[in-house]
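**Q** structure for the following, please:
(one chain, ligands or ions: 1)
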Amino acid sequence: MTRKYNFKAIVAATTNHGIGNKNALPWRLSKDMEFFKNTTISKTQKPNVVIMGKKTFDSIPKKFRPLADRINIVLTRQNIKDESVIYCNSVNQVFQELEKIDYQDVFVIGGKMIYELFYDYIDTFYLTRIFTEFECDTFLELPEYFKLVEKSELQKQGQVEYEFQVLKKHLL
Ligand SMILES: NC(=O)c1ccc[n+]([C@@H]2O[C@H](COP(=O)([O-])OP(=O)(O)OC[C@H]3O[C@@H](n4cnc5c(N)ncnc54)[C@H](OP(=O)(O)O)[C@@H]3O)[C@@H](O)[C@H]2O)c1
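**A** Have a look, this model is predicted:
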């Protein structure tokens with residue numbers, strides 16, 4: 001396992017580990033969207049990189065993609081050309097592309113396939129834990145070596161209760 005990269009990841013999940021339904025987020029939480037934006041946009045001169053799978057990219061409304069003020073890397077096995085996005089066909093190609101860029105931080109932003117591909121390189125998960133259950137068809141159960149180090153007060157929007165958590169990788 002390499003420790004060269006200290007990627008961060010950001011995800012919202014229910015207590016049953018649900019993260020998506022019909023290629024969309026099952027909930028609408030404006031404060032969580034705001035948190036996602038504030039967390040993933042760099043506060044320095046150097047931009048952050050966001051890495052996502054093609055399905056997650058397609059799930060973002062057209063007017064909001066690529067995600068503004070961030071370098072967008074999208075994993076796909078298709079051969080797509082688009083100047084505004086860096087398309088990569090493999091994890092190795094992602095690392096090759098990162099060598100060419102001057103960036104601050106790298107955020108893995110999903111979906112399930114892409115979080116799982118990058119576990120070895122992620123040291124921090126920003127997890128919005130949603131306590132209200134929603135119908136989901138995509139689930140992500142984080143490995144136990146990601147341990148809770150911080151959590152916010154309970155948040156509430158309408159009927160939905162959630163909290164912002166920070167998990168750090170603890171390997172023996
Ligand atoms: N709750 C959250 O925070 C959150 C965050 C993100 C996404 N989501 C949800 O998660 C769901 C999508 O997750 P998902 O796991 O189905 O899809 P995904 O991870 O977003 O994308 C999967 C796609 O990535 C590409 N891919 C996967 N492995 C690859 C590899 N090794 N090399 C090259 N390309 C690769 C393939 O694209 P091609 O088919 O084009 O080859 C594959 O179909 C949606 O419901 C979305 O709303 C939730």
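
**Q** okay, CA-based contacts and neighbour counts for the rest of this
**A** OK.

**Q** does Tyr126 sit in a helix, a strand or a coil?
**A** Under the three-state scheme (DSSP: H, G, I helix; E, B strand; the rest coil), Tyr126 adopts strand.

**Q** thought Phe164 was touching Lys156?
**A** No. Judged on Cα atoms under 8 Å, Phe164 makes no contact with Lys156 at a distance of 11.4 Å.

**Q** and those two? Which one has more around it.
**A** Phe164 (18 against 13; other Cα atoms under 10 Å).

**Q** okay, buried residues for the helix or strand containing the more buried one please.
**A** Here Phe164, judged by DSSP states H and E, is contained in strand 160-169. Across strand 160-169, burial judged by 16 or more other Cα atoms under 10 Å covers 162-169.

**Q** thought Gly111 was touching Ser59?
**A** No. Using Cα under 8 Å as the test, Gly111 is too far from Ser59 to be in contact (10.1 Å).

**Q** strands along the protein, start to end?
**A** 7-14, 18-20, 48-53, 70-75, 86-88, 106-108, 122-130, 138-139, 146-151, 155-157, 160-169 (DSSP state E).

**Q** show me what the closest residue to Lys81 other than its chain neighbours is bridged to.
**A** Residue nearest to Lys81 in three dimensions, not counting chain neighbours: Tyr87, with 7.5 Å by Cα to Cα, 6 or more residues apart in numbering. Tyr87 forms beta bridges with Val74, as assigned by DSSP bridges.

**Q** OK, contacts around Tyr87?
**A** By Cα atoms under 8 Å, 6 or more residues apart in numbering, the contact list for Tyr87 reads 73-76, 80-81.

**Q** which residues of the chain lie near the ligand?
**A** Residues of the chain lying close to the ligand by Cα under 6 Å from any ligand atom are 11-13, 19-25, 52-56, 75-78, 89-90, 109-114, 138.

**Q** re earlier: closest one of the buried residues of strand 160-169 to Tyr126?
**A** Val166 (4.8 Å; Cα to Cα).

**Q** what is the mean pLDDT for stretch 161-172?
**A** Averaged across stretch 161-172, the pLDDT comes to 94.

**Q** I should have written stretch 21-32 there, sorry.
**A** For stretch 21-32, the per-residue pLDDT averages 97.
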